[in-house]
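In: Build me a model from this:
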Amino acid sequence: MSPTTLPAGLEHGHVTFLGAGPGDPGLLTLRAVEALANADVLVAEHEVLDVVRQHARQGVAEVHTDTGPESDTAVGTGTPQLAVVDGASTTAGLPAVRDAAHLVMEAARGGRRVVRAVSGDPGLDTYAAEEMLACAAAGVPFEVVPGVAAAVGVPAYAGVPLRDAQGADVRFVDARTASDRCWTEVGASDGTVVVSTTLDSVGAAAGELVSAGRKPDTPMTVTVAGTTTRQRTWTATLGTIAQTLKQAKVLPSPEGGRPVIAVVGERSAAAQRDQLSWFESKPLFGWRVLVPRTKEQAASLSDQLRSYGAVPHEVPTIAVEPPRTPQQMERAVKGLVTGRYEWIAFTSVNAVKAVREKFEEYGLDARAFAGIKVAAVGEQTAKALVAFGVKPDLVPSGEQSAAGLLEDWPPYDPVFDPIDRVFLPRADIATETLVAGLIELGWEVDDVTAYRTVRASPPPAETREAIKGGGFDAVLFTSSSTVRNLVGIAGKPHNVTVIACIGPATAKTAEEHGLRVDVMAPEPSVHKLAEALADFGLRRRAAAVEAGDPVTRPSERRPGARRRRSTT
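Out: Modelled structure (predicted):
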């Protein structure tokens, strides 16, 4: 909108009313991410703060719903109450205002860029509309960034289409504020009805529709925590939904009921959902998976697990530190520049990082590799080199390991190789396989400690209790050291937890620690390991469906149940 004459102190301030969607952070729009990155102050209800804060810049002032005993945030009981909860310097000057509309305007004072984030879409939020009017009255410029409305996004994630080829009428009802006239109108229609309600009030909403004229056998789906990995959907009819929820042991919520989206109509039948439930049928849907690696190494693996529906929990078990005596590494890096080596072989992402840091320390870049052949032990190490500006000359065509690298490594030939020396930067605890193999091929090897791996600090008590108490559904072990270190800093995983190992050596170490190995990667790759775990989850789900049993996660098994150890 065009800025009007602003009151004193409000010059150049700006407010963005932003829809955070129904829960999945991936549903934020590109414009929303851009606005969050430029915000000075972030104002959000408590339930959407985690969705939006990851895109906000460091140091942004955060304001969210006050959940204390004096808060008044229950549906239909008043305007949102907000309080400044972040003590960063950018909060200086923000008043102790609890009313959202006044706080948004005051936050914009002095040129601040404010993002007001709401669940779903701002156009469907009553309070957001009131705050926009308040901004307009005060002359505060604002914009609106639409979001995915829960009434549309949640059914899509539940596999419940709202409209078919016949173009059925679709009505949207908020049961928490609907009048008798509203229920009468939707009851008289034979189209699809999307009802926003609470879990505790689903039965009452179904009763209203039956009283208004809908048949008790009309299909109904109810979804809680839609678009998140906690999503759960029940299928029943208007007449049976209350009993279905009771049999599923869905207990009343002490907070007054969790919000849910219910879809009612002949075209939302269970048969369609069985075929279209793409989200909840992901192979690892809702699984809490422990990823015991360094944070840098865990990032891409966690992204892959999320694509399978899992909730990754990264627990560093190894910390990477510089070598105790850096002189050897310094001499080797200088040797690269002076032409001492024919080859340099990288056996890990950490080795690439260590060499890159030395290069930056000396003011060097990727051009220093000119004339030197570069080998990488696997795809991830090769990607780290490419990010550094170096394309490796040799990556194993088969097994991604030291043994696989040796299979493709050419023997030393004095006719074609003017230099017979290889620089091998690696960890202090690396095995001698590659060194011995290169020497056997006729090469001289400078085996240099580029970094040390040490045991990380123990994770928080809550995480340790979840590991030992069966709170995790699976754990991925990517090396023998991750097994030893995790058990050392956090204890042994519970016997219901699925144990997945990257290879035979890691599996042997796990078994030596009393763990049963359920999954093993077909080749030593972290991404193949994640794929193998997903295949395991898919087979487990299919077996439950075929047997007519409910699909559960490993952590939902009967407490105290023991797994039979394999005899093979």
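In: Of all the strand elements in the chain, which one is longest?
Out: Longest strand in the chain, counting residues (DSSP state E): strand 444-455.
In: buried sites along stretch 114-123?
Out: Using 16 or more other Cβ atoms under 10 Å as the test for burial, stretch 114-123 gives 114-122. C-beta coordinates here come from the backbone N, C-alpha and C atoms, glycine included.
In: And whichever helix or strand comes after the longest strand of the chain, what does it pack against?
Out: Remark: after strand 444-455, the chain's next helix or strand is helix 461-469, criterion DSSP states H and E. Packing partners of helix 461-469 (3 or more Cβ pairs under 8 Å, 6 or more residues apart in numbering; DSSP states H and E): helix 480-490.
In: what's the helix it packs on packed up against?
Out: strand 318-321, strand 444-455, helix 461-469, strand 474-477, helix 504-512.
In: Show me what that helix is in contact with.
Out: By Cβ atoms under 8 Å, 6 or more residues apart in numbering, the residues outside helix 480-490 that reach it are 290, 292-293, 315, 317-318, 429, 453, 455-459, 463-464, 467-468, 475, 477, 493, 501, 505-506, 508-510, 513, 515.
In: what stretches of the stretch 251-400 of the chain score poorly on pLDDT?
Out: Residues of the stretch 251-400 of the chain that meet the criterion pLDDT under 70 lie in 251-257, 267-271, 294-299.
In: got the residue ranges for the strands in it?
Out: If DSSP state E, counting those that start in this stretch is used as the criterion, the strands of the stretch 251-400 of the chain fall at 259-264, 288-291, 311-314, 318-321, 343-346, 373-376.
In: Redo those strands as CSV? Include distance to Val545 and mean neighbour count.
Out: Shown next, in CSV, are the strands of the stretch 251-400 of the chain (distance: least, Cβ to Cβ, whole Å; neighbours: other Cβ atoms under 10 Å):
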stretch, distance to Val545, mean neighbour count
strand 259-264, 22, 25
strand 288-291, 22, 24
strand 311-314, 22, 19
strand 318-321, 39, 16
strand 343-346, 45, 26
strand 373-376, 42, 22
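In: quick one on the thing from earlier: quick one: strands adjacent to the longest strand of the chain?
Out: Partners of strand 444-455 in the sheet, by DSSP bridges, are strand 318-321 (antiparallel), strand 421-427 (parallel).
In: hmm, who's touching the first one?
Out: Read that as strand 318-321. 293-294, 350, 353, 451-457, 481-482, 485.
In: quick one on the thing from earlier: how about a markdown table for the strands of the stretch 251-400 of the chain, with distance to Arg176 added?
Out: Listed next are these as a markdown table, based on distance: least, Cβ to Cβ, whole Å:
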| stretch | distance to Arg176 |
| --- | --- |
| strand 259-264 | 9 |
| strand 288-291 | 32 |
| strand 311-314 | 29 |
| strand 318-321 | 50 |
| strand 343-346 | 59 |
| strand 373-376 | 58 |
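In: Can I get the buried residues of stretch 114-123 in JSON lines including distance to Pro259, secondary structure and pLDDT?
Out: Formatted as JSON lines, the buried residues of stretch 114-123 follow (distance: Cβ to Cβ, whole Å; DSSP: H, G, I helix; E, B strand; the rest coil; pLDDT from 0 to 100):
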{"residue": "Val114", "distance to Pro259": "26", "secondary structure": "strand", "pLDDT": "92"}
{"residue": "Val115", "distance to Pro259": "22", "secondary structure": "strand", "pLDDT": "94"}
{"residue": "Arg116", "distance to Pro259": "20", "secondary structure": "strand", "pLDDT": "93"}
{"residue": "Ala117", "distance to Pro259": "17", "secondary structure": "strand", "pLDDT": "93"}
{"residue": "Val118", "distance to Pro259": "13", "secondary structure": "strand", "pLDDT": "92"}
{"residue": "Ser119", "distance to Pro259": "9", "secondary structure": "coil", "pLDDT": "92"}
{"residue": "Gly120", "distance to Pro259": "10", "secondary structure": "strand", "pLDDT": "94"}
{"residue": "Asp121", "distance to Pro259": "15", "secondary structure": "coil", "pLDDT": "95"}
{"residue": "Pro122", "distance to Pro259": "17", "secondary structure": "helix", "pLDDT": "94"}
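In: Now tabulate these in a markdown table and tack on distance to Thr552.
Out: Below are the buried residues of stretch 114-123 laid out as a markdown table (distance: Cβ to Cβ, whole Å):
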| residue | distance to Thr552 |
| --- | --- |
| Val114 | 44 |
| Val115 | 39 |
| Arg116 | 40 |
| Ala117 | 34 |
| Val118 | 34 |
| Ser119 | 29 |
| Gly120 | 30 |
| Asp121 | 34 |
| Pro122 | 38 |
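In: Tell me the one of the residues you listed nearest Thr221?
Out: Gly120 (18.7 Å; Cβ to Cβ).
In: low pLDDT regions in the stretch 101-250 of the chain?
Out: Counting by pLDDT under 70, the stretch 101-250 of the chain contains low-confidence ranges at 165-167.
In: Just the helices from it, written as ranges.
Out: 126-138, 150-158, 180-188, 202-211, 241-247 (DSSP state H, counting those that start in this stretch).
In: Convert the C-alpha atoms of the longest one to PDB, please.
Out: By that I understand helix 126-138. C-alpha atoms of helix 126-138 as PDB (Å, rounded to 0.1, in the frame of the first residue of the first chain):
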ATOM      1  CA  THR A 126      -9.900 -12.700  12.500                       C
ATOM      2  CA  TYR A 127      -7.300 -11.100  14.700                       C
ATOM      3  CA  ALA A 128      -4.900 -10.400  11.800                       C
ATOM      4  CA  ALA A 129      -7.700  -8.500  10.000                       C
ATOM      5  CA  GLU A 130      -8.100  -6.400  13.200                       C
ATOM      6  CA  GLU A 131      -4.400  -5.700  13.400                       C
ATOM      7  CA  MET A 132      -4.300  -4.700   9.700                       C
ATOM      8  CA  LEU A 133      -7.100  -2.200  10.300                       C
ATOM      9  CA  ALA A 134      -5.200  -0.800  13.300                       C
ATOM     10  CA  CYS A 135      -2.100  -0.400  11.200                       C
ATOM     11  CA  ALA A 136      -4.100   1.400   8.500                       C
ATOM     12  CA  ALA A 137      -5.700   3.700  11.000                       C
ATOM     13  CA  ALA A 138      -2.300   4.600  12.500                       C
END
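In: and it, what other elements does it pack with?
Out: By 3+ Cβ pairs under 8 Å, 6+ apart, helix 126-138 packs against strand 14-19, helix 100-107, strand 113-118, strand 142-145.
In: doesn't Pro283 make contact with Arg553?
Out: No: between Arg553 and Pro283 there is no contact under Cβ atoms under 8 Å: 11.7 Å.
In: The residue nearest to Ala310 when sequence neighbours are not counted and Ile241, how far apart?
Out: Distances taken as Cβ to Cβ, 6 or more residues apart in numbering place Leu284 nearest to Ala310, at 4.0 Å, with adjacent residues excluded. To Ile241, Leu284 is 29 Å away according to Cβ to Cβ, to the nearest Å.
In: sorry, back to before: of the buried residues of stretch 114-123, just say which sits nearest to Arg214.
Out: Nearest member of the buried residues of stretch 114-123 to Arg214, counting by Cβ to Cβ, is Gly120, at 25.4 Å.
In: bridging residues for the closest one?
Out: Gly21.
In: same question, Ala427
Out: Where Ala427 sits in a bridge, its partners, by DSSP bridges, are Tyr451.
In: How many residues are close by it?
Out: 20 (other Cβ atoms under 10 Å).
In: Quick check: it vs Ala450, distance?
Out: 7 Å.
In: got any residues that touch both of those two?
Out: With Cβ under 8 Å, 6+ apart as the test, Ala427 and Ala450 both reach 350-351.
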